[in-house]
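Trainee: Quick one, fold the following:
(2 chains)
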Number of protein chains: 2
Amino acid sequence: MQPDKGTLYLIPVSLGGDSALSTLPPATLEVVRNLRAFIVENAKSARHWLKAVGYPHPLQQARFYLLDEHTREDDLEALLAPLLAGEDCGLMSEAGCPVVADPGAALVRRALDAGVRVVPLVGPSSILLALMASGMNGQRFAFHGYLPVDKVQRATRLKALEAQAGDVTQIFIETPYRNAALLQALLEHCRGDTRLCIAADLMLPTESVATRTIAEWKKRPPDLDRRPAVFLLSRATT
Amino acid sequence: MQPDKGTLYLIPVSLGGDSALSTLPPATLEVVRNLRAFIVENAKSARHWLKAVGYPHPLQQARFYLLDEHTREDDLEALLAPLLAGEDCGLMSEAGCPVVADPGAALVRRALDAGVRVVPLVGPSSILLALMASGMNGQRFAFHGYLPVDKVQRATRLKALEAQAGDVTQIFIETPYRNAALLQALLEHCRGDTRLCIAADLMLPTESVATRTIAEWKKRPPDLDRRPAVFLLSRATT
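Mentor: Presented below is the predicted three-dimensional model:
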């Protein structure tokens, strides 16, 4: 007799340290604590995080399967196997929500196609928190992930995003060590009256959210060194 | 001596009933329980929700200020006054996250401009949960809120969204009683091989997430009557 299929739970990973537990709802924690199999972007940080949120079982008894940006389409079958055999699995990024600016979409798609139940769990998303706090239009917005690193391509892209920022809030992110370069490009290529929100260190004690015009930022450039940040552009007139 | 300004907390409102508490993290609940002033979309549902999440004070002692789609720019000054006078306030929609597909952006913008600290709190967002569970591209996505109700305009808009759905996942919502009309328009105007995800009743026991091609949905149309739903379109080939 074929066993019922397992459920694929999508687990938002909060920041480590003291805030790990305080930003996760009980329903999410309950699921996490009952799972034994995890599909993770990084096994070491997954173990660390599970400890921080009070995972009640010995971690040696939990199984970790790797899914990162290097995972190929062919490898997904093996990741689906436990689910098809009836085991519940949790999908976790290093931080934030699986799939959203992180790996996982291809696995979720395969799971849905195979008739596996997929359940997204509630938890923190910097992108969403940044949008809420930006004071920008939340009726229409677009998320672009990482912009090109190449200077010329990035400049072209920033101008294109700025051109769409009248109706639609434009959101993007950068790896923290490149924040300074992105900020410089924003100040150089965007118009003085375009508004830029920088939401940094969200959910940390050093959290800061500020929305200013490019002209204002030029006068008082922020220090974003190694701070995780979300950038939002708007040219809305109301 | 001028008092310090208050903080504007952005409160995600979970669904009522049993799941109200289980989808909110401790850090969010702690803030909510300490507030006495709320800026709300609907005072009656705000009171109901506060009771459901164990608000510990008599509700007669809490103050409710209205902010909805009819609030004019001129009315925002009065809403800012308690914050400027040093009182912490919580901004709440009827459901979901303030600002995101809900009123609040103009108030947040005014608050930021006035030097009020704005703190977004972690909680459920149907839009984000739907994107995670859709199996669609989460590296790039666009949210469009409500589409036009007019048939001709809606058809034009759907075709425009479909044309952008190769690179960028297109997300939109509808008021539940119009779901059937939107679904009919999707099935009529989108191409057979375009993928449509319908995420309905998220966080409820009746939750369902399914991603199928338009051709497949035509064969098995879902019953979305009065179910809150998020719609996502993709023509990504990988």
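Trainee: What segments of chain A are strands?
Mentor: With DSSP state E as the criterion, chain A has strands at A:7-11, A:37-40, A:63-66, A:89-92, A:117-120, A:141-146, A:169-173, A:195-200, A:208-213, A:229-234.
Trainee: quick one: the fifth one near chain B?
Mentor: Yes - for a cut-off given as C-beta under 8 Å from any C-beta of the partner chain, strand A:117-120 has contacts with chain B, namely A:118-120. Yep, even glycine has a C-beta here, placed from its N, CA and C like the rest.
Trainee: again with the first one
Mentor: Yes - Strand A:7-11 is in contact with chain B by C-beta under 8 Å from any C-beta, via residue A:10.
Trainee: Now do the same contact list for the residue most central in space within chain A.
Mentor: By C-alpha atoms, centre = their mean, chain A has its centre lying nearest to residue A:96, at 4.1 Å. For residue A:96, the contact set (C-beta atoms under 8 Å, 6 or more residues apart in numbering or on different chains) comprises A:12-13, A:102, A:124-127.
Trainee: Next: residue A:124.
Mentor: Applying C-beta under 8 Å, 6+ apart, we find residue A:124 in contact with A:12, A:14-15, A:23-24, A:96-97, A:202-203, B:25, B:122.
Trainee: switch to 7 Å and redo it
Mentor: A:12, A:14, A:23, A:203, B:122 (C-beta atoms under 7 Å, 6 or more residues apart in numbering or on different chains).
Trainee: Hmm, the last one is touching residue B:28, no?
Mentor: Yes - taking C-beta atoms under 7 Å as the definition, residue B:122 is a contact partner of residue B:28 at 5.7 Å.
Trainee: Settle it for me: which of these two has more neighbours?
Mentor: Neighbour count, other C-beta atoms under 10 Å in any protein chain shown: between residue B:122 and residue B:28, residue B:122 has more, with 27 against 23.
Trainee: Mind listing what's buried along stretch A:90-109?
Mentor: Within stretch A:90-109, the residues that count as buried by 16 or more other C-beta atoms under 10 Å in any protein chain shown are A:90-93, A:95-109.
Trainee: for it, how far is the first residue from the last?
Mentor: Stretch A:90-109 has an end-to-end distance of 15 Å (C-alpha to C-alpha, to the nearest Å).
Trainee: hmm, back to that, by neighbour count, which of the contacts of residue A:124 wins?
Mentor: Within those, residue B:122 tops the neighbour count with 27 neighbours, counted by other C-beta under 10 Å.
Trainee: what pairs with residue A:117 across the strands?
Mentor: Residue A:117 forms beta bridges with residue A:7, as assigned by DSSP bridges.
Trainee: Confirm for me that it is in contact with residue A:9.
Mentor: No - Residue A:117 is beyond contact range of residue A:9, at 9.3 Å (criterion: C-beta under 7 Å).
Trainee: where along chain A do the helices fall?
Mentor: Ranges of helices in chain A, per DSSP state H, are A:19-22, A:26-34, A:43-52, A:76-84, A:105-113, A:126-134, A:151-164, A:179-189, A:214-219.
Trainee: okay, the strands of chain A in a markdown table with mean pLDDT and distance to residue B:53 next?
Mentor: Output for those, formatted as a markdown table (pLDDT from 0 to 100; distance: least, C-beta to C-beta, whole Å):
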| stretch | mean pLDDT | distance to residue B:53 |
| --- | --- | --- |
| strand A:7-11 | 97 | 23 |
| strand A:37-40 | 96 | 30 |
| strand A:63-66 | 95 | 35 |
| strand A:89-92 | 97 | 26 |
| strand A:117-120 | 95 | 21 |
| strand A:141-146 | 96 | 27 |
| strand A:169-173 | 97 | 29 |
| strand A:195-200 | 97 | 26 |
| strand A:208-213 | 94 | 25 |
| strand A:229-234 | 97 | 27 |
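Trainee: Would you tell me which of the ones you listed gets closest to residue B:233?
Mentor: Closest to residue B:233 of these, according to C-beta to C-beta: strand A:141-146, at 14.1 Å.
Trainee: Pull the residues that contact that closest one.
Mentor: Applying C-beta under 7 Å, 6+ apart, the contact partners of strand A:141-146 are A:101, A:127, A:131, A:161, A:168-174, B:139-143.
Trainee: What of stretch A:156-171?
Mentor: With contact meaning C-beta under 7 Å, 6+ apart, stretch A:156-171 is reached by A:127, A:131, A:136-137, A:140-144, A:147-148, A:185-186, A:189-191, A:194, A:230, A:232-236.
Trainee: Just the buried ones from the residues you listed, in PyMOL syntax?
Mentor: The PyMOL selection below is limited to those of these classed as buried (16+ other C-beta under 10 Å):
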select buried, chain A and resi 127+131+136+137+140+141+142+143+144+147+185+186+189+190+194+230+232+233+234+235+236
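Trainee: Retrieve the pLDDT associated with residue A:162.
Mentor: If you check residue A:162, the pLDDT there is 98.
Trainee: That should have said residue A:225, apologies.
Mentor: On the pLDDT scale, residue A:225 gets 87.
Trainee: and it, how far is that from chain B?
Mentor: Residue A:225 sits at a distance of 22 Å from chain B (criterion: C-beta to the nearest C-beta, to the nearest Å).
Trainee: Can you give me the buried ones in the helix or strand of chain A with the lowest mean pLDDT?
Mentor: Here the helix or strand of chain A ranked lowest by mean pLDDT, DSSP states H and E is helix A:19-22, holding a mean of 82. The neighbour-count check on helix A:19-22 (16+ other C-beta under 10 Å) flags A:19-20, A:22 as buried.
Trainee: and the residues you listed near chain B, which?
Mentor: residue A:22 (C-beta under 7 Å from any C-beta of the partner chain).
Trainee: Closest one to chain B out of the buried residues of helix A:19-22, please.
Mentor: Closest approach between these and chain B, by C-beta to the nearest C-beta: residue A:22, at 3.9 Å.
Trainee: my read: the closest one touches residue B:24, true?
Mentor: No - applying C-beta under 7 Å, one finds residue A:22 not in contact with residue B:24, separated by 11.2 Å.
Trainee: Tell me who's in contact with residue A:221.
Mentor: Contacts were defined as C-beta under 7 Å, 6+ apart; by that measure residue A:221 touches residue A:183.
Trainee: Ignore what I typed, I meant residue A:199.
Mentor: A:129-130, A:133-134, A:209, A:229-230.
Trainee: quick one: low-confidence parts of chain A?
Mentor: Chain A contains residues with pLDDT under 70 at A:1-3, A:16-18, A:238.
Trainee: domains of it?
Mentor: Chain A breaks down by automatic domain parsing into domains covering A:7-120, A:126-234.
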